[in-house]
Every structure is written in C-alpha cells, then in structure tokens.
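Student: predicted model follows, preceded by the sequence.
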Amino acid sequence: RAKPALRRHLPEDRSQWRTEGPTADERKMIDAYLAVSQSGDKDAIASLLTSDVVLTMPPNPFWFTSREAMLAFIWQSLDPESPAYFGEWKHLPTSVNRMPAVAGYVRRPGTTIFRAQTLEALRVRDGKIAQITTFEPHLLAAFGMPLVIR
C-alpha cells in the first residue's frame with residue numbers, strides 16, 4: 001500500500017531523494033516558524049502558510065485543509081482571551097525522518113516550566129509551510145528532545 005503513495009510524493013529519480021538535513025529554504029522557514037509561533041501574532045503565523053496548508057494530528061482524527069480552517073482551530077488555544085487558551089509556547093528545531101520539524105512545549109497558565117506538547121513535521125513548498133503533521137509528545141525522546149524545558 002505504501003509504494004503507490006511513495007511514487008506519488010517522491011521524485012522519480014532516486015538520486016534526487018534528499019539524504020541530508022533541512023535545505024536552506026527549510027531552515028529559513030523553521031527560523032521564521034520559531035519566531036512567530038511564540039509571538040501569538042495570528043497574521044504573522046498566517047503569512048508562513050500556503051493557502052491550502054494541511055494540518056494533521058495522527059492518531060487523532062483531525063484533518064484541516066486550508067489556512068483559514070487551521071487558524072480557526074489553533075487560534076482558540078493561542079489567544080490569551082479565549083477560554084480555551086492553552087498557555088505560552090516555545091519551540092525547538094529538530095528533524096523527523098529527514099524532514100524539518102519543531103518540538104513544541106507549552107507552559108500552562110499558573111505553572112513555571114514548559115512541558116513537551118507536540119512534535120511537528122513541516123513540509124515546505126515555495127518558501128511556505130504546506131503541511132504540518134503533529135505527533136504526540138512522547139515521541140520527542142526518540143528524537144533526542146527533552147520532555148521539559150525551562
């Protein structure tokens with residue numbers, strides 16, 4: 001079942017399959033993502049995303065397929081005025097299966113440390129984030145990332 005999907009998403013020429021870390025464009029996007037994800041600036045976050053960005057959160061059944069749908073979903077947890085506000089975020093750069101990624105940590109209101117919350121694999125297309133696949137935080141240890149930061 002995986003072979004047809006791989007054929008659709010990987011270059012036909014195997015020599016073009018990437019074996020190194022993030023490209024310069026991907027590194028630039030990671031740096032921008034790190035900066036705006038902690039700012040809480042909805043417009044700045046939106047500016048990093050393609051209009052057809054896809055956000056998935058396996059194994060949860062969440063699947064958002066546009067910038068507007070994704071922002072509507074995440075904004076309630078990022079807005080300090082929202083009853084669904086989750087807390088202050090910090091992200092650290094990493095990679096997942098040779099893809100650029102960030103580890104997300106949240107400091108819940110009333111607490112003093114940032115606890116692991118997400119592992120977000122990013123797919124960059126034309127200088128913007130086209131896909132975010134968000135995994136559960138227990139996977140961070142497998143990628144050498146801490147479960148708590150200060």
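Tutor: That came through fine.
Student: so residue 121 is in contact with residue 101, correct?
Tutor: Yes - the criterion here is CB atoms under 8 Å, and residue 121 meets it with residue 101 at 4.7 Å. The way it works is simple: take the backbone N, C-alpha and C, and place the C-beta from them, glycine included.
Student: the two: which is more packed in?
Tutor: residue 101 (27 against 19; other CB atoms under 10 Å).
Student: who touches the helix or strand containing that one?
Tutor: Using DSSP states H and E, residue 101 sits in strand 99-107. With CB atoms under 8 Å, 6 or more residues apart in numbering as the test, strand 99-107 has contacts from 22, 26-27, 29-30, 33-34, 37, 86-95, 113-124, 134, 137, 140, 143, 145, 148-149.
Student: which of those are buried?
Tutor: For those, a burial check counting by 16 or more other CB atoms under 10 Å picks out 22, 26, 29-30, 33, 37, 86-92, 94-95, 114, 116-124, 134, 137, 140, 145.
Student: distance of residue 24 relative to residue 62?
Tutor: 31 Å (CB to CB, to the nearest Å).
Student: compare these two (neighbour count), which wins?
Tutor: Neighbour tally, residue 24 and residue 62, criterion other CB under 10 Å: the higher count belongs to residue 62, 12 against 7.
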